[in-house]
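J.: predicted model, plus sequence, below.
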Amino acid sequence: MKIEYEDTFVKVAGLIGGQDYVRVARALLNNENATDEEIASATGLKIKTVRKALYYLFGRSLITGVRVRDPKRGWFVYRWKAQRDQTDGFIQTQRKKVLNRLKQRLDYEETHEFYHCGTPTCQTRTFEDAMESFFKCPTCSKPLNRLNNAELKSALKWKVGQLEEELAK
Ligand SMILES: [Zn+2]
């Protein structure tokens, strides 16, 4: 069995922009200080697509760009380089963002009661909304019953714990 090793830098690029970004990231690792055009010809992607990916990665400090004069043609070009030491920091920041969102959601689930009529196409309602409609679904008129969100809460708690552990490493 062959286990394919993929660089973290390439993985992160893939998470951000999908398959095109993966190709750009691999090209950057294979050819340090490559220009837009060199990356385009190495990947077979359109120059516009390559530039979009490069600017996006540059904007997140995942690559650096140095402006140099092209000796043959006289005009300026950028030479790009992967900043692999920035990848871990980027991943940590993303994890923190996800963790905060999950904590907010958990807090919301813990401080609210939810009601539902049982019709799959109908909305879940908060206690306040359910009370306003006298615990009768405004859409289908069936009675609104309290939803048990214990399973969701424990799943959220588990994920929060897991992320906190990863961040503490
Ligand atoms: Zn309903």
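T.: Nice, I can see it. Numbers count the residues shown, from 1 in each chain.

J.: was I right to think Arg60 contacts Phe90?
T.: Yes: look at Arg60 against Phe90 with C-beta atoms under 8 Å: they come within range, at 6.5 Å. In this view, the C-beta of every residue, glycine as well, is placed from N, C-alpha and C.

J.: more crowded one of the two?
T.: Comparing Arg60 with Phe90 by neighbour count (other C-beta atoms under 10 Å), the higher total belongs to Phe90, at 19 against 14.

J.: near the ion, which residues of the chain?
T.: Residues of the chain that fall close to the ion, judged by C-beta under 5 Å from the ion: Cys117, Thr119, Cys122, Cys137, Thr139, Cys140.

J.: can you report how many residues lie near the second one?
T.: Other residues within reach of Thr119 by the criterion other C-beta under 10 Å amount to 12.

J.: which pLDDT value belongs to the nearest residue to Lys136 once chain neighbours are set aside?
T.: Nearest residue to Lys136 in three dimensions, chain neighbours excluded: Pro143, at 6.0 Å (C-beta to C-beta, 6 or more residues apart in numbering). Looking at Pro143, its pLDDT reads 97.

J.: show me which of the residues of the chain next to the ion are buried.
T.: Cys117, Cys137 (16 or more other C-beta atoms under 10 Å).

J.: would you reformat the residues of the chain next to the ion as a markdown table and include secondary structure and pLDDT?
T.: Compiled in a markdown table, the residues of the chain next to the ion are given as follows (DSSP: H, G, I helix; E, B strand; the rest coil; pLDDT from 0 to 100):
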| residue | secondary structure | pLDDT |
| --- | --- | --- |
| Cys117 | coil | 96 |
| Thr119 | coil | 96 |
| Cys122 | coil | 96 |
| Cys137 | coil | 97 |
| Thr139 | coil | 96 |
| Cys140 | coil | 97 |
